[in-house]
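Novice: next input, structure requested:
(chains A and B)
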Amino acid sequence: MTELIKTSPLSDAQKMMKPLMGSHRGMEVALSFEGPKAEQKHKTILGVTDVSCFARFGIKGAKAGEWLAQQGIKTPEALNTWVEGAPGTLVLRLGMSEFLVEDQLIGKACAKLQAFDQANIQSAYQVVRADAAFVLGGSEVLNLLAELCVLDLRDSVLPSNFVVMTQIAGISATLIRESLSGEQVYRIWCDGSYGLYLWEILIEIAQELGGGVVGLTCRFQ
Amino acid sequence: MKLLKCPINGTRPLSEFIFGGEWRDMPNPDTSSDLEWASYVHYRDNAPGIKKEWWYHSPSGTWFIAERNTLTDEVLATYLYSNPPATNVEEQSA
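Specialist: Predicted coordinates for the structure are as follows:
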């Protein structure tokens, strides 16, 4: 029997770049595009990584936070902020009563949350997530974001635990700033149907600024 | 650039928002007369002045009320429908 495997929303564009493929959490992912030396250089200047393969769980409703707490997931108290809700798992509070839970490379919380049983839970509703997700990092990252977003996203203006829901390259997106292995990076989520568009824009600008694509292996090594 | 303040997300360019029409008190459909109901459904007061309007911040999916002077295009207040200010601007200026 053939095992079904998910593909990234950016899969078609990535395959044309002939990357070294692998899989993560049941999704086919591009591990490396141009080899470690070139990608390390991109990472330093401006690297764009597709992390759509990370497991996600969305929930909203008046008792969504309460239900997550019952599952042992810490949730942010302030609107539009994020916390590490469990080891290796980000929890973003989107507005008042909606949460996005995302396992990072080592997180394992989402698998447990998939046991959500709508029939037995009141005032909390699962939100199906089909995001395209990105990590952007490097010395030129703010110059890239300045071309795509009207908000000032510098460290001095954007507190590290803030969640920003705005338009990036003209589409609705969610953005946070976080520290990844000591490096300040920006995370962006958008609807998967816009993923290919955003990927192409990000790569085009990154290349203009001396950076480029970074595979999952180089980003998280 | 025109700006509008979302009560949840803060001040953003107007391009992030979608106008949702004028907010008006809905008469009770069970007790209102046909005339009252038809008036609510079909008639609009287009005279310029301070109006309550629905606006939608599309990146976050937030619906809220903006009180706007449609003559001067000045936005006087924005707030969530569930959390109106103690005294709204329309009442203050009356």
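Novice: which bits of chain B sit near chain A?
Specialist: Within reach of chain A by Cβ under 8 Å from any Cβ of the partner chain, chain B has these residues: B:1, B:8-9, B:12-13, B:15-16, B:57-62. In this view, the C-beta of every residue, glycine as well, is placed from N, C-alpha and C.
Novice: for these, give me CSV that also has neighbour count and secondary structure.
Specialist: Formatted as CSV, these follow (neighbours: other Cβ atoms under 10 Å in any protein chain shown; DSSP: H, G, I helix; E, B strand; the rest coil):
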residue, neighbour count, secondary structure
B:M1, 6, coil
B:I8, 18, coil
B:N9, 20, coil
B:R12, 22, strand
B:P13, 14, strand
B:S15, 13, helix
B:E16, 20, helix
B:H57, 25, strand
B:S58, 16, coil
B:P59, 22, coil
B:S60, 22, coil
B:G61, 14, coil
B:T62, 19, strand
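Novice: which residue in these has the weakest pLDDT?
Specialist: pLDDT across the residues of chain B next to chain A is lowest for B:M1, at 85.
Novice: circling back to that earlier point, in JSON lines, list the residues of chain B next to chain A along with distance to A:I176.
Specialist: What follows is the residues of chain B next to chain A, written out as JSON lines (distance: Cβ to Cβ, whole Å):
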{"residue": "B:M1", "distance to A:I176": "24"}
{"residue": "B:I8", "distance to A:I176": "16"}
{"residue": "B:N9", "distance to A:I176": "14"}
{"residue": "B:R12", "distance to A:I176": "17"}
{"residue": "B:P13", "distance to A:I176": "20"}
{"residue": "B:S15", "distance to A:I176": "22"}
{"residue": "B:E16", "distance to A:I176": "18"}
{"residue": "B:H57", "distance to A:I176": "18"}
{"residue": "B:S58", "distance to A:I176": "19"}
{"residue": "B:P59", "distance to A:I176": "14"}
{"residue": "B:S60", "distance to A:I176": "14"}
{"residue": "B:G61", "distance to A:I176": "17"}
{"residue": "B:T62", "distance to A:I176": "18"}
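Novice: just flag the most distant two among those.
Specialist: B:M1 and B:G61 (22.5 Å; Cβ to Cβ).
Novice: show me the contacts for B:L3.
Specialist: B:T11, B:R12, B:P13, B:L14 (Cβ atoms under 8 Å, 6 or more residues apart in numbering or on different chains).
Novice: run the chain-centre distance for the longest helix seen in chain B.
Specialist: When chain B is parsed with DSSP state H, its longest helix is helix B:34-42. Centroid separation for helix B:34-42 versus its chain: 20 Å, with Cα atoms, centre = their mean, to the nearest Å.
Novice: what's the helix or strand for the residue sitting nearest the centre point of chain B?
Specialist: The residue lying closest to the centre of chain B (Cα atoms, centre = their mean) is B:E53, at 1.6 Å. B:E53 belongs to strand B:50-57 when assigned by DSSP states H and E.
Novice: and the strands in chain A?
Specialist: Assigned by DSSP state E, chain A shows strands spanning A:6-7, A:20-24, A:27-32, A:47-50, A:56-60, A:82-86, A:89-94, A:98-103, A:125-127, A:131-137, A:163-168, A:171-180, A:183-191, A:212-213.
Novice: including distance to B:R68, mean pLDDT and mean neighbour count, could those strands go into TSV?
Specialist: TSV is the format used below for the strands of chain A (distance: least, Cβ to Cβ, whole Å; pLDDT from 0 to 100; neighbours: other Cβ atoms under 10 Å in any protein chain shown):
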stretch	distance to B:R68	mean pLDDT	mean neighbour count
strand A:6-7	45	90	14
strand A:20-24	48	91	14
strand A:27-32	46	91	19
strand A:47-50	40	97	26
strand A:56-60	29	96	22
strand A:82-86	33	95	20
strand A:89-94	26	97	23
strand A:98-103	27	97	22
strand A:125-127	31	95	16
strand A:131-137	34	97	23
strand A:163-168	22	97	23
strand A:171-180	23	96	19
strand A:183-191	30	96	20
strand A:212-213	45	96	23
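Novice: distance to A:Q71 added to those strands, as TSV?
Specialist: Output for the strands of chain A, formatted as TSV (distance: least, Cβ to Cβ, whole Å):
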stretch	distance to A:Q71
strand A:6-7	24
strand A:20-24	23
strand A:27-32	23
strand A:47-50	28
strand A:56-60	10
strand A:82-86	9
strand A:89-94	11
strand A:98-103	9
strand A:125-127	13
strand A:131-137	21
strand A:163-168	21
strand A:171-180	22
strand A:183-191	21
strand A:212-213	35
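Novice: make TSV out of those strands and add distance to chain B.
Specialist: Shown next, in TSV, are the strands of chain A (distance: least, Cβ to the nearest Cβ, whole Å):
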stretch	distance to chain B
strand A:6-7	25
strand A:20-24	28
strand A:27-32	25
strand A:47-50	21
strand A:56-60	10
strand A:82-86	14
strand A:89-94	7
strand A:98-103	8
strand A:125-127	10
strand A:131-137	13
strand A:163-168	4
strand A:171-180	4
strand A:183-191	9
strand A:212-213	25
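Novice: having no further points to raise, I will conclude here.
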